[in-house]
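J.: The amino acid sequence is not available; the structure is as follows:
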């Protein structure tokens, strides 16, 4: 079986358009006339990305929200989404959740597809956005000397995974993540590199460092987590959809964020309190 990283590496030979950003970023960026469009696509699989028996309304919300989160990391405003839905039980609940998330973020439904099949259900979404700032933020632009920041608190979705139906902040973080579209637009003019945290802070931090060709030095005590007793899980589990970015340490940020480290080397490594980490160390979620 081909590992996810190996498969993506094979696809890079096909992604020759500059819009694909070498498949090293969260989204494609295409300039058309005076506009710059941002496009992204994500898939959810029952029993993998959402729990079996999940309320379809929550699945619809999460499906759209995780795609809008990629737009947030580009500082883009949503133009619309296309959604693919695998028919099954409680399709009316999926429509209800879809209506809620589209209304919440002022995002039109532009089209999509429906199918029916046996086995695990699968849903897909393509989100289209309009850049609000150019150059559009990129994973590849972290610069030596910049500080590393993250918004929010990491690990809430992980805790919410086992708090089904509690309705507390962790449960909501898992079922209905909130894309930081406003924060992304405010940050876009100031950041070096930016991405959302979907697969865990460490793995996504390593990806950003590698894409930028620099070293990230993170400080354990500076990283905000929901449960300090489970610190290592909180920075590896993912599903946070917070924004990870670099920016000059001297600027006043337009949004609240924790300074968690510094870009300090010319070779692509990830350090946590001086310890060199690699994806083989189990930095985050990989298929």
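T.: Looks like it arrived, so ask away. Predicted, not measured: the structure shown is a model, and the values here were computed from it.

J.: Could you pull up phi and psi at residue 146?
T.: Phi and psi for residue 146, reported as degrees, to the nearest 10, are phi -70, psi 150.

J.: Quick check, it in contact with residue 251.
T.: No - here residue 146 lies out of contact with residue 251, judged by C-beta atoms under 8 Å, at a distance of 9.8 Å. No exception for glycine: its C-beta is placed from N, CA and C like everyone else's.

J.: higher neighbour count, the two?
T.: Here residue 146 and residue 251 are compared on neighbour count by other C-beta atoms under 10 Å; more neighbours surround residue 146, at 23 against 11.

J.: Look at that one and report its pLDDT.
T.: The per-residue pLDDT reported for residue 146 equals 98.

J.: In contact with it, which residues?
T.: If a contact means C-beta atoms under 8 Å, 6 or more residues apart in numbering, then residue 146 has 192, 246, 247, 248, 249, 262, 263 as its contacts.

J.: ok, so of the residues you listed, who is nearest residue 54?
T.: residue 246 (34.8 Å; C-beta to C-beta).

J.: where's the closest one relative to residue 46, distance?
T.: According to C-beta to C-beta, to the nearest Å, residue 246 stands 36 Å off from residue 46.

J.: Could you check which of the two is surrounded by more residues?
T.: Comparing residue 246 with residue 46 by neighbour count (other C-beta under 10 Å), the higher total belongs to residue 246, at 28 against 18.

J.: which residues touch the more buried one?
T.: 141-143, 146-149, 191-194, 208, 263.

J.: ditto for residue 61
T.: When contacts are counted by C-beta under 8 Å, 6+ apart, residue 61 touches 97, 98, 100, 101, 175, 176.

J.: Could you look up the SS state of it?
T.: Look at residue 61: counting by DSSP: H, G, I helix; E, B strand; the rest coil, its state is helix.

J.: Let me see the contact set for residue 9.
T.: Contacts for residue 9 (C-beta under 8 Å, 6+ apart) come out as none.

J.: Run through the residues that contact residue 177.
T.: Neighbour list for residue 177: 62, 65, 66, 69, 157, 239, 240, 241 [criterion: C-beta under 8 Å, 6+ apart].

J.: before we move on, which element is it in?
T.: Assigning secondary structure by DSSP states H and E places residue 177 outside every helix and strand.

J.: can you map out the strands along the stretch 51-200 of the chain?
T.: Listed in chain order, the strands of the stretch 51-200 of the chain (DSSP state E, counting those that start in this stretch) span residues 76-86, 109-115, 122-131, 147-150, 194-196.

J.: List the neighbouring strands of the first one plus their orientation.
T.: In other words, strand 76-86. Strand 76-86 sits in its sheet next to strand 109-115 (parallel), strand 122-131 (antiparallel), going by DSSP bridges.
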